[in-house]
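Novice: Would you be able to build a 3D model of this:
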Amino acid sequence: MENMFGFMMPRGAERLALSKMNFGGAGTAMMKSIMKKKNVNSLPQLLDNAQAMGVKMIACTMSMDVMGIKKEELLEGIEYAGVATYLGEADNSNVNLFI
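Specialist: As a prediction, this is how the structure comes out:
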């Protein structure tokens, strides 16, 4: 089952689909094109900038276990924790984004 999840998961931020507006890759290509024309950073650049600014990113270890995601597959600098730790950090933060 983990192998099945691994097969379905994109490999890197550049390969992420645009949710239901993907349209076989056309929606993602259009969004990337518009972002480039409007000088909006790409997702990998945004992630790099967030890390450089000290944004704390926490990966849920339970979700990783269920989907067979290994630490080596994620960005460097990410912290790993369970739900209780995440909730404690979120409670103490000014801004919280759960994806």
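
Novice: quick check: domain ranges of this structure?
Specialist: Domain assignment of the chain by automatic domain parsing yields the ranges 1-53, 56-94.

Novice: Check the ones you listed for me: which has the lowest mean pLDDT.
Specialist: Across those, domain 1-53 has the smallest mean pLDDT, namely a mean of 76.

Novice: how far away is residue 68 from residue 79?
Specialist: Using CB to CB, to the nearest Å, one gets 20 Å for the distance from residue 68 to residue 79. C-betas here are computed from N, CA, C, even on glycine.

Novice: Also residue 56?
Specialist: 6 Å.

Novice: wait, is residue 26 part of a helix?
Specialist: Yes: under DSSP: H, G, I helix; E, B strand; the rest coil, residue 26 sits within a helix.

Novice: how many neighbours does it have?
Specialist: Residue neighbour count, defined by other CB atoms under 10 Å, stands at 11 for residue 26.

Novice: Residue 50 against residue 56, yeah?
Specialist: No: between residue 50 and residue 56 there is no contact, the gap being 9.4 Å when judged by CB atoms under 8 Å.

Novice: circling back to that earlier point, looking at residue 68 and residue 79, which has the bigger crowd around it?
Specialist: Applying other CB under 10 Å to residue 68 and residue 79 shows that residue 68 carries more neighbours, namely 15 against 11.

Novice: In the protein, what residue spans correspond to strands?
Specialist: Assigned by DSSP state E, the chain shows strands spanning 58-60, 79-81.

Novice: Pipe these into a markdown table and attach distance to residue 33 per row.
Specialist: Below are these laid out as a markdown table (distance: least, CB to CB, whole Å):
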| stretch | distance to residue 33 |
| --- | --- |
| strand 58-60 | 30 |
| strand 79-81 | 34 |
